[in-house]
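**Student:** Take this sequence and fold it.
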Amino acid sequence: MVIDIPSTFRSAEPRADITGPDRELLRSLAGRLAELSALPVQEERADLWRRINRLERVRPPIVFHPWETIWNEILPEGSIVTSSPEGQYYETVLRRRLWIAEHLDDDTVVAPFVEYPM
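**Tutor:** As a prediction, the model looks like this:
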């Protein structure tokens, strides 16, 4: 997944411009991601990938990565509601990961975290 990281927050310093309703929305999305990552199927998927990496004979994993242009249809303009550039980045990442987990049901392991861009 290719996401443009706004140059306004490419430093290692966390920014404090995510406030109020934006913070609550991001916490809600992150909470849904945490719930999905705690499902037993996530450990099964992680085990499948470990077995693949050990070159064991197991079924091939199925992974779907939507093209960047498809996201304009899935998350149309106006669906990202946070106001700060950093909040918009995290909201986009969270909404994309949630959409993949909730709609595609492929063998992607849902991780309980979001990386901070450096």
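**Student:** packing partners for the lowest-mean-pLDDT helix or strand in the chain?
**Tutor:** Taking mean pLDDT, DSSP states H and E as the measure, helix 68-74 is the helix or strand of the chain with the lowest mean score, a mean of 88. For helix 68-74, the elements it packs on are helix 85-99, judged by 3 or more CB pairs under 8 Å, 6 or more residues apart in numbering; DSSP states H and E. In short, each C-beta sits where N, CA and C put it, glycine included.
**Student:** What residues of the helix it packs on count as buried?
**Tutor:** Within helix 85-99, the residues that count as buried by 16 or more other CB atoms under 10 Å are 86-98.
**Student:** next one: stretch 21-31
**Tutor:** For stretch 21-31, the buried set under the neighbour-count rule, 16+ other CB under 10 Å, comprises 22, 25-26, 29-30.
**Student:** Go ahead and measure how far the helix or strand hosting Arg50 is from the middle of the chain.
**Tutor:** Secondary structure here is read from DSSP states H and E; on that basis Arg50 sits in helix 40-53. Relative to its chain's centre, helix 40-53 lies at 18 Å (CA atoms, centre = their mean, to the nearest Å).
**Student:** Using PDB, list the CA coordinates for that helix.
**Tutor:** Once non-C-alpha atoms are left out, helix 40-53 reads as follows in PDB (Å, rounded to 0.1, in the frame of the first residue of the first chain):
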ATOM      1  CA  PRO A  40      -7.900 -16.300  16.900                       C
ATOM      2  CA  VAL A  41      -7.800 -16.300  13.100                       C
ATOM      3  CA  GLN A  42      -4.900 -13.800  13.200                       C
ATOM      4  CA  GLU A  43      -2.700 -16.300  15.000                       C
ATOM      5  CA  GLU A  44      -3.700 -19.000  12.400                       C
ATOM      6  CA  ARG A  45      -2.700 -16.600   9.600                       C
ATOM      7  CA  ALA A  46       0.600 -15.700  11.400                       C
ATOM      8  CA  ASP A  47       1.300 -19.400  11.800                       C
ATOM      9  CA  LEU A  48       0.600 -20.000   8.100                       C
ATOM     10  CA  TRP A  49       3.200 -17.300   7.200                       C
ATOM     11  CA  ARG A  50       5.800 -18.800   9.600                       C
ATOM     12  CA  ARG A  51       5.300 -22.200   8.000                       C
ATOM     13  CA  ILE A  52       5.700 -20.700   4.600                       C
ATOM     14  CA  ASN A  53       8.900 -19.000   5.700                       C
END
